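>>> generate a structure from the sequence data that follows.
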Amino acid sequence: MAEKKMLSNEQIDAVKELVSIGAGNAATALSQMLSRRIDIRVPVANLCEVSDFSEIFGSPETLVAATYMRLLNDVTGAIMLTFEKQTALDMADLLMGNQKGKTKNLNDMATSALKEAGTILSGAYLGAISEILGIKILISAPSIAIDMAGSISDAVLSEVCEDCDQALVITTEFFISDEKIRSYFFFIPSQDSLAKMMANLKLG
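Presented below is the predicted three-dimensional model:
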């Protein structure tokens, strides 16, 4: 098994700045989707072990909706946009133009809306990273999982990123009128891809 390489503080700071720009792009994309003004709180970015995914939500039993895609081309791994289940219901109402509280369960229409949003937001996010690093990142068709955080960690992450040890977790709060939507972006590059990103940042 290859030895895991830990990031230095300088590398972590550089990657955090990179993903903060990506989060701003995602807010712009969400504003265009909803045709509404979106304010964004400065995102909080932290590096965590993939195995600690469920701790982000406080408990492995927390119900979570996650839209996830494989990363392809110059960077491999996965990107995942997650919401706690009630937030996902609220987000679905916003996306479908419903009154808050109308969506009671994540049916086919709701999950389709969340998958579309996940694709657009993740694409905007990765677009910033691609441009700054001068690399090409493509994403696969989206999949969605609705389950306990611990189950998603065990099943989804093992499926899409076998060679991924660390995830950059970006907690972002979008403010839409009087609505607050908290999302969690998980940017999960493979070890080789992370090294390539650091090299392009001149921090390899």
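>>> for the helix or strand of the chain with the lowest mean pLDDT, packing partners?
Ranked by mean pLDDT, DSSP states H and E, the weakest helix or strand in the chain is helix 149-160, scoring a mean of 77. Packed against helix 149-160 by the contact rule (3 or more Cβ pairs under 8 Å, 6 or more residues apart in numbering; DSSP states H and E) you find strand 63-73, strand 77-84, strand 143-148. The C-beta positions use only the backbone N, C-alpha and C, and glycine is treated the same way.
>>> and the next helix or strand past that helix?
Using DSSP states H and E, the helix or strand that follows helix 149-160 in sequence is strand 166-176.
>>> buried set for that following strand?
By 16 or more other Cβ atoms under 10 Å, the buried positions in strand 166-176 come out as 166-170, 172, 174, 176.
>>> any chance of CSV for the residues you listed, columns distance to residue 137 and pLDDT?
Formatted as CSV, the buried residues of strand 166-176 follow (distance: Cβ to Cβ, whole Å; pLDDT from 0 to 100):
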residue, distance to residue 137, pLDDT
166, 17, 77
167, 16, 80
168, 14, 81
169, 18, 85
170, 16, 85
172, 19, 86
174, 23, 88
176, 27, 85
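>>> closest to residue 102 among those residues?
Ranked by distance to residue 102 (Cβ to Cβ), these are led by residue 176 at 15.9 Å.
>>> average pLDDT for stretch 26-40, rounded please.
Mean per-residue pLDDT for stretch 26-40: 87.
>>> now that stretch: buried residues?
The neighbour-count check on stretch 26-40 (16+ other Cβ under 10 Å) flags 26-27, 29-31, 33, 38, 40 as buried.
>>> any weak-confidence spans in this protein?
Applying pLDDT under 70 to the chain flags residues 1-7, 157, 160-163, 202-204.
>>> what angle separates the helix or strand hosting residue 192 from strand 63-73?
Using DSSP H and E, residue 192 sits in helix 191-200. Between helix 191-200 and strand 63-73, the angle comes out at 70 degrees (axes from the mean of the first three to the mean of the last three Cα atoms, to 10 degrees).
>>> ok, back up a step: touching the least confident helix or strand of the chain from outside, list them.
Contacts to helix 149-160, defined as Cβ atoms under 8 Å, 6 or more residues apart in numbering, come from residues 50-51, 53-54, 56-57, 59-64, 66, 68, 70, 77-78, 80, 82, 143, 145, 147, 164, 188.
>>> tell me the angle it makes with strand 166-176.
Counting by the same axes, to 10 degrees, helix 149-160 points 120 degrees away from the direction of strand 166-176.
>>> any chance of the buried residues of strand 166-176 in a markdown table, with distance to residue 127 too?
As requested, these are exported to a markdown table (distance: Cβ to Cβ, whole Å):
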| residue | distance to residue 127 |
| --- | --- |
| 166 | 22 |
| 167 | 20 |
| 168 | 16 |
| 169 | 20 |
| 170 | 15 |
| 172 | 16 |
| 174 | 18 |
| 176 | 22 |
